[in-house]
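**Student:** following is a predicted model, sequence given first.
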Amino acid sequence: AQSVTQLGSHVSVSEGALVLLRCNYSSSVPPYLFWYVQYPNQGLQLLLKYTSAATLVKGINGFEAEFKKSETSFHLTKPSAHMRDAAEYFCAVIHSGSARQLTFGSGTQLTVLP
Amino acid sequence: KAGVTQTPRYLIKTRGQQVTLSCSPISGHRSVSWYQQTPGQGLQFLFEYFSETQRNKGNFPGRFSGRQFSNSRSEMNVSTLELGDSALYLCASRLGQGALETQYFGPGTRLLVL
């Protein structure tokens, strides 16, 4: 079964600092991986997705993620945090085979300090 | 295009009652998935409908059911509500069932069971 693990349920950074949110996957086959963001009282918004076309994936709002097979990781980064980045971030993997539902990690709450 | 809409946005019920939640997908999208989000269990897949047929089902009891209409709108029903059913219920739509097709999420329905 495919799954993802997010290390760190809470991450705090200063405005302007690097954002690094960690995600490791467990999959017996090359996975499709996603990062979603959830702002308070809203649904989920797709930031980026890995489709095996390129290991470095650029998303919206200045975020990017790098797929590293050797480390089974898909960490999310942003060079400079903004106050508006404060939200909860979810890493997700899509099931292979006939099932096509997303399996989410437990989420990381990002706080941006002024 | 209008996004995914969910009604109602907030709901309060008592134990033993039943509830019906509604989801209208993005125009042209034929797949609708439902997820339950709780602080303890995180985001969990409930079921997916495509062309009025349930295609996948998560690990939830039979009290949770759903359906999809010919216009792709979907409803989910929870019977004999329990306190543990208090959650944010998210609906997501996508064009088809491709693994890489982006799932667009609605704002959710927040259900409180007293």
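**Tutor:** Great, that's in hand. Numbering: from 1, shown residues only, chains lettered A, B, ... in the order given.
**Student:** flag every residue of chain B that's near chain A.
**Tutor:** B:4, B:33, B:35, B:42-45, B:48, B:55-56, B:58, B:90, B:92, B:97-100, B:102-108 (CB under 8 Å from any CB of the partner chain). All C-beta spots, glycine's among them, are computed from the backbone N, C-alpha and C.
**Student:** which residues does the helix or strand bottoming out on mean pLDDT in chain B contact?
**Tutor:** Here the helix or strand of chain B ranked lowest by mean pLDDT, DSSP states H and E is strand B:53-57, holding a mean of 91. Contact partners of strand B:53-57, identified using CB atoms under 8 Å, 6 or more residues apart in numbering or on different chains, comprise A:98-101, B:31, B:45-49, B:66, B:68, B:97.
**Student:** tell me the mean pLDDT over the helix or strand just after it?
**Tutor:** Under the assignment DSSP states H and E, the closest C-terminal helix or strand after strand B:53-57 is strand B:64-68. Average pLDDT, strand B:64-68: 97.
**Student:** extract the CA atoms of strand B:64-68 and return them as CSV.
**Tutor:** This file holds the C-alpha atoms of strand B:64-68, laid out as CSV (Å, rounded to 0.1, in the frame of the first residue of the first chain):
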residue,chain,number,x,y,z
PHE,B,64,-22.0,6.4,5.2
SER,B,65,-23.5,6.3,1.7
GLY,B,66,-23.6,8.4,-1.3
ARG,B,67,-25.0,8.8,-4.8
GLN,B,68,-24.5,10.8,-7.9
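**Student:** next one: that strand to chain centre, how far?
**Tutor:** Relative to its chain's centre, strand B:64-68 lies at 8 Å (CA atoms, centre = their mean, to the nearest Å).
**Student:** wait, what's in contact with B:R73?
**Tutor:** B:22-25, B:32 are the contacts of B:R73 under CB under 8 Å, 6+ apart.
**Student:** give me the buried subset of these.
**Tutor:** Among the contacts of B:R73, those buried by neighbour count (16 or more other CB atoms under 10 Å in any protein chain shown) are B:23-25, B:32.
**Student:** give me the angle between the least confident helix or strand of chain B and strand B:64-68.
**Tutor:** Angle, strand B:53-57 to strand B:64-68, by axes from the mean of the first three to the mean of the last three CA atoms, to 10 degrees: 140 degrees.
**Student:** C-alpha coordinates for strand B:53-57, CSV please?
**Tutor:** This file holds the C-alpha atoms of strand B:53-57, laid out as CSV (Å, rounded to 0.1, in the frame of the first residue of the first chain):
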residue,chain,number,x,y,z
THR,B,53,-21.7,4.8,-10.2
GLN,B,54,-19.6,4.3,-7.1
ARG,B,55,-16.1,3.4,-8.3
ASN,B,56,-14.2,3.3,-5.0
LYS,B,57,-15.0,3.1,-1.4
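**Student:** tell me the strands beside it, with direction?
**Tutor:** Using DSSP bridges, strand B:53-57 pairs in its sheet with strand B:42-50 (antiparallel).
**Student:** avg pLDDT for the partner strand?
**Tutor:** For strand B:42-50, the per-residue pLDDT averages 94.
**Student:** and it, how far out from the chain middle?
**Tutor:** With CA atoms, centre = their mean, you get 7 Å for strand B:42-50.
**Student:** flag every buried residue along it.
**Tutor:** Result for strand B:42-50 [16+ other CB under 10 Å]: buried residues B:43-50.
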